[in-house]
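Participant: Mind folding the following:
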Amino acid sequence: MQTKTDPQNFRDIAVKAAKAAGKVLRKFFATELRIDFKGEVNLVTEADRAAEAVIVQTIRKRFPGHRFLAEEGGEHATPESIGSDHKWIVDPLDGTTNFAHSFPMFCVSIGLEIRGQVVLGVVYDPLREEVFLAEKGKGATLNGRRIHVSKTEKLNAGLLVTGFAYDVRQDLMNNLDHFSNFSLRVQGVRRTGTAALDLCYVACGRFDGFWEMKLSPWDTAAGFLIAAEAGATVTDFGNHPYQIYLKEILATNGKIHREMIEVLESAKGPRG
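Facilitator: Here you go, the predicted structure:
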C-alpha cells in the first residue's frame with residue numbers, strides 16, 4: 001500500500017502534471033498568442049501562465065501542503081504549505097522565446113526539492129513526446145529507458161551547448177567570450193534556447209557538455225538531477241559542486257570537464 005510520501009506518488013504526479021501542461025502548450029503552439037514583456041527581450045505568454053496553473057493545480061490537489069517555486073507565479077503559498085519541507089520547482093514553459101516564434105524547441109520542467117535537496121526531476125518535451133525522468137540515487141531515463149552521458153574523450157571532438165541571459169545587451173558578463181573560446185576548440189556549439197533540455201541532452205549523450213550563466217532554480221532543478229543521475233559531472237565554473245541557486249552551471253560527460261574548466265578560466269575581463 002502506497003502512502004502519500006511514497007516516492008512513486010511524487011514521480012507519478014510529476015509526470016501527470018508535466019503531461020497536462022504539455023497538452024496545454026500543444027494547444028497554444030503556432031497560434032496567435034498574447035505576449036507580454038518582463039524585460040526588453042524576456043517574454044511571457046498566456047501559454048506560460050496556463051501551463052503553470054495546470055501544474056500547480058494538479059500537484060496541489062494531491063499534495064495540498066507542499067510549497068511551489070515557479071517562474072511566472074513565484075512562491076505559490078497557502079496556509080497549509082507554510083514551513084513545508086517539500087518544494088516543487090516549476091518552469092511551465094522553458095523556451096518561451098522559441099515558443100513565441102513557433103520554433104519547436106521547448107519543454108516543461110518540474111523538480112521536487114525536499115529539505116534543500118533535489119530528489120526528483122521530470123522534463124517533458126510535448127512535441128517529441130519525450131519524458132526525461134530521474135530520482136535521486138536511481139538513475140535517469142528517457143521514456144522509461146535508462147540513459148547515460150556520452151563517451152567523448154576529448155574536447156576537440158565534442159558537441160557543446162549553451163545559452164545567453166536576457167541581459168546580454170546590457171551586461172559585459174554575457175557569455176559571448178566563452179562562446180567564442182569554445183567555438184575554436186570543439187566540433188560545434190549549439191544554442192537551443194532551453195536549458196532544461198540542454199541538460200537532458202547531456203544526460204542522454206546528444207551533447208557532450210553544457211555551460212551557462214545567470215540561470216534560475218526553475219531552469220535547472222529537474223535537468224540538473226537528470227544529468228547527474230545519468231553520469232554527468234555537474235559543477236560551477238570553479239569546479240565546485242553545483243547547487244540550483246548558483247548562477248553558473250557546467251555539466252559534462254565527465255571526460256571533458258577539466259578541459260572545459262580550463263577554457264572557462266581563460267576568459268578575459270571581470271567575472272562574477
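
Participant: longest helix anywhere in this protein?
Facilitator: helix 7-28 (DSSP state H).

Participant: and that one, what does it pack onto?
Facilitator: helix 46-62, strand 86-94, strand 107-114, strand 117-125, strand 130-135 (3 or more CB pairs under 8 Å, 6 or more residues apart in numbering; DSSP states H and E). Quick note: C-beta positions are derived from backbone N, CA and C, even for glycine.

Participant: Could you work out which of these reaches nearest to residue 17?
Facilitator: With distances scored as CB to CB, the stretch of these nearest to residue 17 is helix 46-62 (4.1 Å).

Participant: Give me the buried stretch members for that closest one, please.
Facilitator: 47-56, 58-60 (16 or more other CB atoms under 10 Å).

Participant: ok, residues contacting the following helix or strand past it?
Facilitator: Once helix 46-62 ends, the next helix or strand along the chain (criterion: DSSP states H and E) is strand 67-70. By CB atoms under 8 Å, 6 or more residues apart in numbering, the residues outside strand 67-70 that reach it are 52, 55-56, 59-60, 75-77, 81, 84, 86-92, 217-218.

Participant: Would you mind checking those for buried ones?
Facilitator: Using 16+ other CB under 10 Å, the buried members of the contacts of strand 67-70 are 52, 55-56, 59-60, 76, 81, 84, 86-92, 217-218.

Participant: quick one, domains of this structure?
Facilitator: 7-146, 155-265 (automatic domain parsing).

Participant: quick one on the thing from earlier: now tabulate the buried residues of helix 46-62 in TSV and tack on distance to residue 127 and pLDDT.
Facilitator: Formatted as TSV, those follow (distance: CB to CB, whole Å; pLDDT from 0 to 100):
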residue	distance to residue 127	pLDDT
47	13	90
48	16	90
49	20	91
50	17	93
51	14	96
52	19	95
53	21	95
54	17	97
55	18	97
56	23	96
58	20	97
59	23	97
60	27	95
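
Participant: ok, those vs residue 213, which is closest?
Facilitator: Nearest to residue 213 among the buried residues of helix 46-62, with distances taken as CB to CB, is residue 48, at 22.3 Å.

Participant: For residue 267, give its distance to residue 248.
Facilitator: 12 Å (CB to CB, to the nearest Å).

Participant: If you could redo that for residue 21, that was the one I meant.
Facilitator: According to CB to CB, residue 21 stands 28 Å off from residue 248.

Participant: for residue 236, same thing?
Facilitator: On the measure of CB to CB, residue 236 and residue 248 end up 4 Å apart.

Participant: Residue 154 now?
Facilitator: Distance from residue 154 to residue 248, by CB to CB: 23 Å.
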